[in-house]
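>>> test case, fold it:
(2 chains)
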Protein chains: 2
Amino acid sequence: MDKLFIIKIGGNVIDTADELQSFLQQFAVVPEKKILVHGGGKIATTIGKKIGIEPNYINGRRITDEATIDLVTMVYGGLINKKLVASLQSLYCNAIGLTGADANVIPSVKRPVKEIDYGFVGDIDSSKLGVDNWQLLLNNNLVPVIAPLTHDGKGQMLNTNADTIASALAVALSKKYEVRLIYCFEKKGVLENVEDENSVINLINKEKYRQLLADNKLADGILPKIDNAFDAIDNGVKEVLIGDADDLLLNCTESVKGTLFK
Amino acid sequence: MDKLFIIKIGGNVIDTADELQSFLQQFAVVPEKKILVHGGGKIATTIGKKIGIEPNYINGRRITDEATIDLVTMVYGGLINKKLVASLQSLYCNAIGLTGADANVIPSVKRPVKEIDYGFVGDIDSSKLGVDNWQLLLNNNLVPVIAPLTHDGKGQMLNTNADTIASALAVALSKKYEVRLIYCFEKKGVLENVEDENSVINLINKEKYRQLLADNKLADGILPKIDNAFDAIDNGVKEVLIGDADDLLLNCTESVKGTLFK
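The predicted structure is shown next:
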């Protein structure tokens, strides 16, 4: 099977011009098949305020009302996505920007209303993700750049977390590719000592994880990320990596600077 | 060669919910290969005003400044494009929304500054349009939905007239397909008698055109459209049609209700 890197960046990378440029330069030259999944950024909030859309929270949870889904469709699907695509094209990377509606690459269902009505938010069932159109693009040297948007198949765009999209894609495409799912975040990786940025643990397998938990070495904030990583691996993803956007090229090799889960 | 319909709609269709829905229902069931090229709509001006972007004119010509290219990238490339795609997907039409930057499908050059600096506006050279990625999409039953945006290959999105995109695409793809280029506009077609909506001339070839000109039968407003149509035909496009969005299905057959140029 061919290798495939599915790489997720969030607002922390998108909002910092220097960091974004350095990331894109590295991403453009990764020689293997690759997909970029991006989140939002401060620009959505800035533009939302100008248009008069205030973030709407119920019980501390952000709600995607009708005005907000239009806002994120514009900003994530238009402004951010096309700027990333145009930048990658200038770096000779044949990027193609997509939402989940395009070519129906990520169908979802509107999240059912239980205690909270989250509004226009889409939940993905990775078993429903067709792989044909992904293979068509990837096997023809196109590089998909995915905005955090899906659709319900009934004409409605839906807001979907970029981490969730990256993970669902990784699971679905593991049937056809040897996938390394890379989450870029604000630290170099999982730290053995939270006070020491250089104490990155480069490899965590399940045994190592149990040992780290037993030794009480892990900060609480990192635990859900690690659980998600092993979840993906349990569902067929070969490897998951958490690392700094600026270390991308090395993190796409065996000499990782971040933390590789396998 | 396979038939290919390249169909352009403008703000007059996009801004009228009923008319748009009727058009999309017809577009979805056109059985041949097809591309939809869309223009903008009033929503760009509405959102621009809210954000504080006033249309900027020099000598009566609209200028695309930096704020405006961001605005149209959001609204045309994001909001309008994705709403069209999601609607078509709900009609079982496997639409894929693209700008010219995506997969580099429409490279352009920033319009050179002569008397006027139009700003971030892209001019297309149809001989520079690669056909490989278009064939990849069309021959795999995907239906491209194109926003009126191109890119300069150096990282900059550019604003480009939707009529121009449709025409350049038609010329480039005529090497591989038997193209009918369809412009949806506010009348049923070219009228023999401007007072009578039912006096559509269904076929205009060059001989008929000379005769209509000699008889002084054509309204001034229609002449540039007819010249553009014959320009496309002189450059290899098989047929050009001008008609009402609501007559799309018949206008994709030989029993046209609009005006066919050939």
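>>> interface residues of the stretch 151-262 of chain A facing chain B?
Residues of the stretch 151-262 of chain A found near chain B (C-beta under 8 Å from any C-beta of the partner chain) are A:His151, A:Gly153, A:Lys154, A:Gly155, A:Gln156, A:Met157. Where C-beta positions appear, they are placed from N, C-alpha and C, glycine not excepted.
>>> what's around the second one, how many residues?
The criterion is other C-beta atoms under 10 Å in any protein chain shown. On that basis, A:Gly153 has 15 neighbouring residues.
>>> equivalent analysis for A:Leu20, please.
If we define neighbours as other C-beta under 10 Å, then A:Leu20 has 20 of them.
>>> before we move on, what SS does it have?
helix (DSSP: H, G, I helix; E, B strand; the rest coil).
>>> which ones are touching it?
With contact taken as C-beta atoms under 8 Å, 6 or more residues apart in numbering or on different chains, A:Leu20 is in contact with A:Ile9, A:Val13, A:Ile14.
>>> need the contact partners of the strand or helix carrying the second one.
Yep, that's A:Val13 we're talking about. Here A:Val13 sits within helix A:11-14, counting by DSSP states H and E. Outside helix A:11-14, the residues that touch it by C-beta under 8 Å, 6+ apart are A:19-20, A:23, A:38-42, A:80, A:184-186, A:245.
>>> and it, how far out from the chain middle?
Helix A:11-14 has its C-alpha centroid displaced from the chain centroid by 12 Å (C-alpha atoms, centre = their mean, to the nearest Å).
>>> just the residues of the stretch 151-262 of chain A next to chain B now: which is nearest B:Glu239?
Comparing those against B:Glu239 with C-beta to C-beta picks out A:Gly155 as the nearest, at 31.6 Å.
>>> run a quick neighbour tally on that closest one.
Every residue meeting other C-beta under 10 Å relative to A:Gly155 is counted, giving 17.
>>> can you give me the helices in the stretch 1-150 of chain A?
Applying DSSP state H, counting those that start in this stretch to the stretch 1-150 of chain A gives helices spanning A:11-14, A:17-29, A:42-51, A:66-74, A:81-90, A:132-138.
>>> share the number of residues neighbouring whichever residue of chain A sits closest to chain B, please.
Nearest to chain B, among the residues of chain A, is A:Gly78, at 2.1 Å (C-beta to the nearest C-beta). Using other C-beta under 10 Å, A:Gly78 has 32 neighbouring residues.
>>> what sits against the nearest residue to it once chain neighbours are set aside?
In space, A:Gly78 comes closest to B:Gly78 once its chain neighbours are excluded; the distance is 2.1 Å by C-beta to C-beta, 6 or more residues apart in numbering or on different chains. By C-beta under 8 Å, 6+ apart, B:Gly78 lies in contact with A:Thr73, A:Met74, A:Val75, A:Tyr76, A:Gly77, A:Gly78, A:Leu79, A:Asn81, A:Lys82.
>>> which residues of the stretch 1-150 of chain A lie near chain B?
So far as C-beta under 8 Å from any C-beta goes, the stretch 1-150 of chain A lies against chain B at A:47, A:50-52, A:70, A:73-79, A:81-83, A:85-87, A:89-90, A:94-99, A:101-104, A:133, A:136, A:140, A:142, A:149.
>>> any of the residues you listed buried? List them.
A:47, A:51, A:70, A:73-79, A:81-83, A:85-87, A:89-90, A:94-99, A:101-104, A:133, A:142, A:149 (16 or more other C-beta atoms under 10 Å in any protein chain shown).
>>> just the pLDDT for A:Gly221.
Listed pLDDT for A:Gly221 reads 82.
>>> same deal with A:Lys225?
89.
>>> pretty sure it contacts A:Ile242?
Yes: A:Lys225 is in contact with A:Ile242 according to C-beta atoms under 8 Å; the separation is 6.2 Å.
>>> overlap in contacts of these two?
Common neighbours of A:Lys225 and A:Ile242 (C-beta under 8 Å, 6+ apart) are A:Tyr183, A:Phe185.
>>> the more surrounded of these two?
A:Ile242 (26 against 16).
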